[in-house]
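need coordinates for the following:
(chains A and B, ligands or ions: 1)
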Amino acid sequence: MLECVPEGKIEHTTGKINPAKTCQPIGAMYASLGIHGCLPHSHGSQGCCAYHRMHLTRHFRDQVLASSSSFTEGASVFGGASNLKTSIKNIFKIYNPDIIAIHTTCLSETIGDDVPNIIKQSEIPEGKVVIHTNTPSYVGSHITGFSNMCKSMVAYLAEAQGETKKEQVNVLPGFVNPGDMREIRRIVTALGIKLVMFPDTSGVLDAPLTSKYQMFPEGGATVAEIRDSGNSEVTLALGAFASNAAADLLQEKCGVTGIPLKLPIGLKATDDFIMALKDWFGVEIPKEIAIERGQVIDTLIDTHFHYQGKTVAVFGDPDHVIAMTEFAITMGMVPKYVLTGTPGKEFEATITKMLGDAGITGSKVKAEGDLFELHEWIREEKVDLMIGTTYGKYIARKEDIPLVRFGFPILDRAVHPLMPVVGYRGCLRLIEQISNALLERRDRDALDEDFELVL
Amino acid sequence: MEESCTLSRAATACIAERQDSILTTGKSRSRIHCTTDSLAGSVSQRACVFCGARVVLNPVTDAVHLVHGPIGCATYTMDIRGSLSSGSELFRTSFSTDMKEKDVIFGGEKKLAACIDEIVEKYHPPAIFVYATCVSGMIGDDIIAVCKAASARHNTEVIPVESSGFISGNKVVGYRAAAEALLTLIRPKEGEIVEKTRKVNFLGEYNLAGEMWLTRRYLAEMGIEINVAFTGDSTVAALKRAPSACLNLVQCTGSMHWVATNLERSFGTPYMDVNFFGPENTAESLRKIAAFYEDPAISARAEALIAREMSRIRPEIEKYRSKLRGKRAAIYLGGAYKAIAIIRQLRGLGMEIVLSGTQTGNADEYENMSRILSEGTIIIDDANPAELEKFLIEKHVDVMIGGVKERFLAYKLGIGFVDHNHDRKDGLAGFDGAVRFAREVYVTTCSPVWKSLRTPAPGGTIHGQ
Ligand code: SF4
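Just a heads-up that it's a prediction; the model follows:
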């Protein structure tokens, strides 16, 4: 991969070289883990399920359990109905979850299995729930799969009991780490607002080690909570790509007002998130949060000269990249290359507008790109810093550029799933990482005579 | 540690259909149920046919590996094995046809052909392996024809690998697909005569963490040269020279027996099983190889090497043995050959093996395994985490040897863990590897962090309880 871009000018028009996205089912699997007592079920052959579990395990460094319909040739010829029915029966018998969240794979999609019908024909024990979503991997990306599963949670579970709404907010946190979800919950709670957040993988994938094994840890949004989301006054959809579909459906199905927002990553996006809550519920901003914001401003001023004017390549999932690009602009950096693997014209439009508003010209922006292209751009003209997933490390090494790991997946660093990048605390963490990456770089490059104690 | 389990304690298996896949040594002589498909709805730790093919072929360093399917299969297998290369790094680049809805409806052959054309133009690789996945297999893309045409068009090797995931739930079928691809690659052109040499091929060695280089040093010291490894640190050109070897050493039997028997049939090259995991296995293997040459000088050099290395590592291993004696271990790995080697190694460390299982072992391998295990040991095929959890707790296991999916199960139960899968970062083969393995087992089994787990939190409770 170090030699990913060959010498000379090359056309790259078909297929992907070093993808910057992956397939839908893994996103659905991750979202399902954010329901309490849920066993995600992959309707297809075993390999997909094994890959998705392995990938999530590597990123979160925690157990990821999911079952599979274990398709073999027979199922592929005759359809997977009997496999799925047996699976549902076995799963409740062996693992006894509260809910099974089924997602399809390439295979069951290509065969055309009618999953809702199969569910209807299955034996489901009293009080248990089975939901499903369609996640053909040849459409969209893992973010699409996440979005589809969130939407299915609404479709299957959310209910509005009458016209009157409860004074509570639904938060759809997007495809972020459990540490981020925990932080979002803390902020909303600090504002004194009651919330329903789903999915919520905190307490599931960052569960404490208690020396007592639990197949279904304490975390996650309960089925009852998700049902109740139909009674909330308002939904904040964080990240358009991951959350808008579910928020729209909540509005349509249960009449809950949806407010689309960016992921609360960076100063402005966090401000917007908090202001949306303040405006809707008319709450006062507690001192604790005001102090945190003040600390971000203070830190930005203390550190601005480390990163101001530096060029940066931001890549990864669209919602992450959009928010990060905005923050980079706030910090005075120049997002020179901005790329996501997920398809979607809105991505390019959003970023281009952001750059235009900031008066930044000459940047390259692309949705549905791959790391080959990113590398090609960087080879033409270097940047000072890269911000993105672990997959960028080969380019970073080859071109000798510092890389701040951000987004999903991060497979080669530890503790990140617990450390939030959202909210004001997240801002501090990002500023720390960005500043330190550049300072580290400076130390490493300094000649002996320029090497100093204080930077 | 509190003993809690989601399963009933009375039953051996957690579901009746799985009962025959679990044996307890000594008590019964019944044969284990294995090599069948996993139960629908179980949380199997197994992978798929594509995965099997991909891991075997991936280490061919200067080839392009093009995955014909939707993006996921390629992303998950991007630079997936810790196979090291002494030359080209091209194998670490991930190529995918990134099939879209349109391709699924109208067929992906055109796109595949276009991708191959672009790749040839960009990289001029000596060979392209084209992997079929679930979708391309399902919609019936004729990858064989596309590869053949591309081969002719570009005058280069474009080799189809028939690895559609749904063919079977068993990785072994994928090994076979990879073997077929390799055999196609090394088939000499018509009329070409292959001269035999005194070199050996090393089959089923993937150069994880540079393990092949270590073995190569041992053999070199004995005066034996490795012709090519299948497939660790190999190149297309080197693989093509495979028929010139006088002997094939087979390490990972699961993935390579088929290749070895085929090479014997086509080129008359004999093969022998070897195993470089653990000092005794390493010594035995070196002796066996030396004996093949019927050359006293080679045998003498082998003996000298073994004596020197053994006396060098003995005190180091002893150091760890004194700490590990009496500890209880569980093994759950992909293939049986490695599991058997590790049983031996752990015994050498004075440890007791209470559970041993694999994803893909066959009946004979399990038979061998049960023979060397002491009475009361659990043998399990295609375990699911619920079963592993149950036995890890019941058997009071101190350390588990497994792969990435088992790591956090062990940790959650307060049990040490060693990765003996693709993820290993330190070579665990040979004499040096044996010391490293002992160290890894020691580090995790005797880590001071377990003490913190058992210390009550402030207030006397443990968080979350
Ligand atoms: S791309 Fe399709 S076959 Fe491949 S891992 Fe994803 S769902 Fe499975």
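
contacts for whichever helix or strand A:Asn83 is part of?
Here A:Asn83 sits within helix A:81-94, counting by DSSP states H and E. By C-beta atoms under 8 Å, 6 or more residues apart in numbering or on different chains, the list of residues contacting helix A:81-94 from outside reads A:39, A:41, A:43, A:67-71, A:75, A:97, A:100, A:102, A:113, A:115, A:118-119, A:121-125, A:128, A:130, B:14-15, B:39-42, B:384, B:386. For every residue, glycine as well, the C-beta is placed using N, CA and C.

can you say which of the residues you listed are buried?
Using 16 or more other C-beta atoms under 10 Å in any protein chain shown as the burial test, the contacts of helix A:81-94 include A:39, A:41, A:43, A:67-71, A:75, A:97, A:100, A:102, A:113, A:115, A:118-119, A:122, A:128, A:130, B:14-15, B:39-42, B:384, B:386 as buried.

what stretches of the chain score poorly on pLDDT?
Since no chain was named, I'll use chain A. Within chain A, the ranges that satisfy pLDDT under 70 run A:1-2, A:75-76, A:211.

wrong chain, I was asking about chain B
B:1-19, B:26-38, B:44-46, B:165-170, B:459-465.

please enumerate the strands of it.
All strands of chain B, identified by DSSP state E, fall at B:22-24, B:64-68, B:95-96, B:127-132, B:157-161, B:200-205, B:226-231, B:247-250, B:271-273, B:328-333, B:352-358, B:378-381, B:399-402, B:416-419.

so can I have a markdown table of those strands showing distance to A:Gln168?
Listed next are the strands of chain B as a markdown table, based on distance: least, C-beta to C-beta, whole Å:
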| stretch | distance to A:Gln168 |
| --- | --- |
| strand B:22-24 | 48 |
| strand B:64-68 | 46 |
| strand B:95-96 | 44 |
| strand B:127-132 | 49 |
| strand B:157-161 | 54 |
| strand B:200-205 | 59 |
| strand B:226-231 | 58 |
| strand B:247-250 | 64 |
| strand B:271-273 | 66 |
| strand B:328-333 | 45 |
| strand B:352-358 | 48 |
| strand B:378-381 | 47 |
| strand B:399-402 | 44 |
| strand B:416-419 | 42 |
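
in a markdown table, list those strands along with mean neighbour count.
Shown next, in a markdown table, are the strands of chain B (neighbours: other C-beta atoms under 10 Å in any protein chain shown):
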| stretch | mean neighbour count |
| --- | --- |
| strand B:22-24 | 20 |
| strand B:64-68 | 28 |
| strand B:95-96 | 28 |
| strand B:127-132 | 27 |
| strand B:157-161 | 24 |
| strand B:200-205 | 28 |
| strand B:226-231 | 26 |
| strand B:247-250 | 24 |
| strand B:271-273 | 17 |
| strand B:328-333 | 25 |
| strand B:352-358 | 24 |
| strand B:378-381 | 24 |
| strand B:399-402 | 25 |
| strand B:416-419 | 22 |
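
list the contacts for whichever residue of the stretch 201-350 of chain B sits closest to chain A?
As assessed by C-beta to the nearest C-beta, chain A sits closest to B:Gly334 within the stretch 201-350 of chain B, at 11.2 Å. Residues near B:Gly334 by C-beta under 8 Å, 6+ apart: B:Lys171, B:Gly254, B:Thr358, B:Gln359, B:Thr360, B:Gly403, B:Asn421.
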